Structure formats: C-alpha cells, structure tokens
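Visitor: below are the sequence and a predicted model for it; my questions follow.
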Amino acid sequence: MTDIDDLVQRVAVRAASDNEDLPAPVGDARIAEAEARLGFALHPLLRRLYREVADGGFGPDYRLLPLLGPGSSAVGEYLARREASVAVEHPEWPAGVVPILTWGCAMYAGVDCLSAEGQVLLFEPNPYSGGSWAECWFLDSAGLAVWLETWLAGTGWFEEDAPDRDGVVEPRPWDQAVSRLSSGTRAVRRKSISGRE
C-alpha cells in the first residue's frame with residue numbers, strides 16, 4: 001500500500017524540479033468552488049495534489065491542467081464535455097470523470113472521482129467509428145496513486161524512454177465504459193466518493 005503523504009511529497013519534489021514556474025497550489029475556497037461547479041467531490045488524492053503541490057503544471061508530458069481558470073482547466077473541460085453528452089443518443093463523457101491532462105490529438109487522461117481508488121482513464125477518440133463512445137475509453141491505471149508512481153519511476157506507457165519498454169503495461173479497454181456512459185448524471189447523484197450507493 002502506498003503511503004499517500006510520502007507520495008504527495010515525492011510528487012511535489014519532482015514537480016518543483018521539472019518546472020521553475022510551477023503555479024501556486026489552490027486554497028480550500030477554490031477547491032470548494034471547483035467541487036460545487038462539478039457537482040461532486042474531487043478524489044481525495046487529486047484534491048491534495050491541487051492543494052499541496054500546485055495548480056497543475058506538473059506530471060507527464062503536457063502536465064496537469066489547472067483546476068479552474070479562464071483557459072483550459074480540469075473543471076472547464078469536464079463541464080464542456082458533459083454538456084456535449086447531455087440528451088444525446090451516444091454520450092461521449094461519463095459523469096464523474098475529471099480530465100486532468102491532455103495527451104494531444106484530442107486524447108485525455110481523466111480521474112474517475114466516483115471510484116474509491118481514483119481510476120485513471122484514457123479517452124482516445126481517434127478510432128471512433130460512430131455509435132457508442134465506449135470503444136474510446138481505456139483503463140490506464142487502477143488508481144491515481146499507482147499512476148503517479150508510474151510517472152515518478154518513468155515506466156508509464158507514455159514514457160518514450162522507459163527503461164523496460166517490453167514490460168510497459170498499455171491501457172486496456174475500460175470494462176465500465178458502456179454502463180457509465182449510459183448512466184448519465186444519475187451516477188453522480190447515487191455514488192459517493194467511497195463508491196457506496
């Protein structure tokens with residue numbers, strides 16, 4: 001089991017070493033504002049990253065989005081994608097999945113704030129062939145803590161220089177995609193952060 005306090009500290013050290021102009025962390029008022037706009041609580045580890053490390057600007061490749069803001073932000077991207085998924089036959093974005101960074105080419109990493117571990121998902125829309133968007137959702141990591149450990153170790157699928165490319169675990173289809181995309185906003189109302197109904 002990961003020591004979360006130690007993990008957050010190691011992420012903070014790496015973030016500071018990777019980016020001299022790291023944004024300041026956000027305060028409790030901004031976290032509360034973000035959660036009010038989202039309509040659900042951020043995953044606890046994600047909340048700590050924004051509150052204790054920085055308001056985005058760290059992490060793999062394109063780095064975490066700021067939580068709120070006038071430009072692209074985690075909350076803004078979530079609300080835009082959810083709005084586009086309301087009252088359509090084939091919703092593209094499941095409730096409760098907060099986009100935390102873009103991989104480019106319309107791909108996103110998102111944290112499932114309705115799962116206890118904070119599953120990290122990959123949205124890869126480029127193979128979309130019409131109909132359900134479920135084929136575009138992949139499980140990148142069983143939890144945010146594991147995903148961060150992978151980034152810190154340089155062993156993620158997204159690391160071109162991973163020391164053991166043959167041993168890298170690639171994202172696999174997300175088995176909850178169909179049910180979560182069809183459940184709409186009901187999932188947010190029924191589930192708490194712990195996953196209990």
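Guide: The structure has been received and is ready for your questions.
Visitor: what's downstream of the longest strand along the chain, the next helix or strand?
Guide: Here the longest strand in the chain is taken by residue count, with DSSP state E as the criterion, and it is strand 97-104. Per DSSP states H and E, the first helix or strand lying C-terminal to strand 97-104 is strand 107-112.
Visitor: parallel or antiparallel, which strands does that following strand pair with?
Guide: strand 97-104 (antiparallel), strand 120-123 (antiparallel) (DSSP bridges).
Visitor: list the buried residues of the longest helix along the chain.
Guide: Counting by DSSP state H, the longest helix found in the chain is helix 4-18. By neighbour count with 16 or more other Cβ atoms under 10 Å, helix 4-18 contains the buried residues 7, 8, 11, 12, 14, 15. In this view, the C-beta of every residue, glycine as well, is placed from N, C-alpha and C.
Visitor: would you mind giving the strands paired with strand 107-112 as JSON lines with mean neighbour count and distance to residue 169 added?
Guide: Below are the strands paired with strand 107-112 laid out as JSON lines (neighbours: other Cβ atoms under 10 Å; distance: least, Cβ to Cβ, whole Å):
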{"stretch": "strand 97-104", "mean neighbour count": "20", "distance to residue 169": "16"}
{"stretch": "strand 120-123", "mean neighbour count": "24", "distance to residue 169": "12"}
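Visitor: could you dump the ones you listed into TSV with distance to residue 20 added?
Guide: Formatted as TSV, those follow (distance: least, Cβ to Cβ, whole Å):
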stretch	distance to residue 20
strand 97-104	19
strand 120-123	27
